[in-house]
Every structure is written in structure tokens, then in C-alpha cells.
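Undergrad: How does the following fold in three dimensions:
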Amino acid sequence: MDFAQFWQNLISAPEFAVPTGVEHFFVMVGVLMGAVYACEHKLDIIGTIAMGLLAGYGGGIIRDILLQNHGVYFMEHAGLILICVLVCVFVFYFHRLLKNTSALTFFLDVLSVALFAIAGVQKADDCGLGVVYAVMLGVITAVGGGALRDVASGETPSVFRGGNFYAVAALCGTLVFVILGKLGCPQMIAGILCVVVVVAIRYLSVYYNWRTKTADEVEKRKTARAEGEDKDHAQGKQGEDRTQRGQGERGRRQNPLLTLLSVFTHARLHSSDHYRGFFRVREGEGAQDEEKPSLSPSPEPPSETNAK
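TA: Numbers count the residues shown, from 1 in each chain. Coordinates of the predicted model:
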């Protein structure tokens, strides 16, 4: 395959075919996760059903609105909507059974992201779109339901906040699915690899705490990095100064003339200071002795008799 043909395959629409039953399973997994989310936020039965339907159908609704005149998946399968409502009711009344299955629910959440990405690419293929729109619609379908669910509950969508890889995982999985399909890989293998990539990236981001950063976090990181570089530069400069001083001292010690002169000068200064202080003290003591009156009786002058 030459480059021109490869590029033509990339920009043309892929030929994927996801079975309808698998597509229904995508939706039910999303509805289940939306209902669990509603129970965790203490919503009533109506809120649980609404949240479940938003999470299960929200991404597909956004996708179908963008596509226009290509049908709305939500309006095509009335029986599936009834099944999803029953799933929401079951979760509402038996949600306590799911409290000890956090690992399972997390896996289902990650799995739903991958499955919705595949569904978005499938719809883009049905509409004859190329790679760019296939990837965009795959990501929108994967994360759109969760975004609508968060907006309905009064929160900033998690996909827009800094955190572990969520949309990034969906984007990587969608790219793998689309590119493998363009290269002629069977759609079953491409779908499995898409699921593996999404699950692996999502789990690794949680395990190693890989996170997307907000603007404030990026600015703080830049500031901390700059302060650390300044500190390292100052410490390095101090180390260089110490090294230069040590080398200078070693150089002076290695020069015998300078060493001898240094020792001789130091001895002369030390000796002169010592003896100058000693003589100063002795001179002071002598002056004090001269000023002090003598306490011994002065000798009597010789008498004339003795003189004679």
C-alpha cells in the first residue's frame, strides 16, 4: 500500500459494523452507572430514572443532534427505553447490593466509555464521515452522557475538571479503533483493542495518579519549578565558590614559599602581640609601684653621735 492510498483510506469513511444487540448493551451499562450515581447523590425515583436515561442516552443524543437528519437513536427503540427504566427502578430499590461492588461498578463505568466510543464511530461511519469526525463523535458519545448527568446534578462535568484520565482514555481508544479499521483490521479485533486501551489507560491513571492539570495547577507548578531551579542554581554557585576557595587554599599550601612566609608572618605577629602585651603589663605594674606610697617606715637620719 503506497502513501497516497493509505491517506485516502484515512480520510474516507471506515466500514465498521457493530451488532445491534451490542449497541443496546452499551446503553444499558450507561443507564446502570447513571442510576448508581443518582442513588449516591440521594435522588428520588424520578431523579434516578432521569439520571440513568441521561447517562445512557446523553452522549448519543448530542451526537445525533450534531449529525442532523440521520435519525435519533433515543427515538428508535421504545422497548430498550422500557428496559432501561426497569434497570433504574431496580437500582433505586436495591442499590445497597451495589455498595460492596465498587470495583465492579468502576470497571463497568470504564467499559461503558469504551463501548460508547465504538458506538459513536459506528454512527459516524453510517453517515459517511471520515476520520476527524469519527474520532470527535466517538469521544462525544463516550463522555457526553456523563457530562449531561453532572450538569443535571448541579456539578461541573468531570470531563472538564482536572483529574485522572477520562476523556483522554476515550480519545486514545477511539483513535485505536478508527485507525485499525482504516488499516483493514476486523471490527471485532479493533473493538477489543479499543476496550483494552481505554481500560488500561483509565486504570493506570488511577493507580499512578496521572492527572490532567487546571490552569492554576500549571501556573503553580511553573512557579515551584522556577523556585527550585533558582535554589539549585544558588546551591550550585555556593558549591562552586567552596570548590574554588578549597582549590585556592590547596594552591597556597602547595606553594612552599607562600607557606613558609605565611608561617613566619603569623609567628612574628603572634610573638610581637604576646610580648608587647606582656611588656605593657609589666610597664603598667612598674608605674603603679612607683605611684604607690611606701608603707615601710623611712629610715631615721643618722644621729650626730653615731656620725661622730
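
Undergrad: Which residue ranges of the chain form helices?
TA: Taking DSSP state H as the test, the helices found in the chain are 3-11, 20-40, 45-67, 78-94, 102-126, 131-152, 167-182, 187-207, 215-254, 256-291, 304-307.

Undergrad: wait, Gly30 sits on Leu54?
TA: No: taking contacts as CB atoms under 8 Å, Gly30 lies outside contact range of Leu54: 9.1 Å. (C-beta placed from N, C-alpha, C; glycine too.)

Undergrad: Which of the two has more residues huddled nearby?
TA: Ranked by neighbour count (other CB atoms under 10 Å), Gly30 and Leu54 place Gly30 first, with 33 against 26.

Undergrad: Grab the nearest non-local neighbour of that one.
TA: Nearest non-adjacent residue to Gly30, counting by CB to CB, 6 or more residues apart in numbering: Gly56, 3.7 Å away.

Undergrad: ditto for Arg221
TA: That would be Lys213: by CB to CB, 6+ apart, it lies 7.1 Å from Arg221.

Undergrad: re the thing from before, now do the shared contacts for Gly30 and Leu54.
TA: Here Gly30 and Leu54 share the contacting residues Gly145, scored by CB atoms under 8 Å, 6 or more residues apart in numbering.

Undergrad: Identify the residues contacting the residue nearest to Gly30.
TA: So, once contact is read as CB under 8 Å, 6+ apart, Gly56 ends up touching 27-31, 34, 84, 145.

Undergrad: pLDDT-wise, what's the bottom of these?
TA: pLDDT across those is lowest for Val29, at 83.

Undergrad: Tell me the spacing between the nearest residue to that residue once chain neighbours are set aside and Ala215.
TA: Residue nearest to Val29 in three dimensions, not counting chain neighbours: Ser112, with 4.3 Å by CB to CB, 6+ apart. Ser112 is 29 Å from Ala215, where distance means CB to CB, to the nearest Å.

Undergrad: ok, the two, which is more surrounded?
TA: More crowded of Ser112 and Ala215, by other CB under 10 Å: Ser112, with 27 against 8.

Undergrad: pLDDT below threshold where in the stretch 151-300 of the chain?
TA: 229-230, 232-300 (pLDDT under 70).

Undergrad: Tell me, how many residues neighbour Leu86?
TA: Leu86, neighbours per other CB under 10 Å, totals 12.

Undergrad: pLDDT wise, what is it at?
TA: The model's pLDDT for Leu86 equals 95.

Undergrad: Likewise for His70?
TA: We have a pLDDT of 80 for His70.

Undergrad: which residue packs closest to it, ignoring adjacent ones?
TA: Going by CB to CB, 6+ apart, His70 has Cys127 as its nearest residue, at 5.2 Å.

Undergrad: any idea how far that neighbour lies from Tyr73?
TA: Using CB to CB, Cys127 is found at 12 Å from Tyr73.

Undergrad: do the same with Val168
TA: 25 Å.

Undergrad: Please apply the same query to Thr212.
TA: Counting by CB to CB - Thr212 and Tyr73 are separated by 29 Å.

Undergrad: next one: Arg211
TA: 33 Å.
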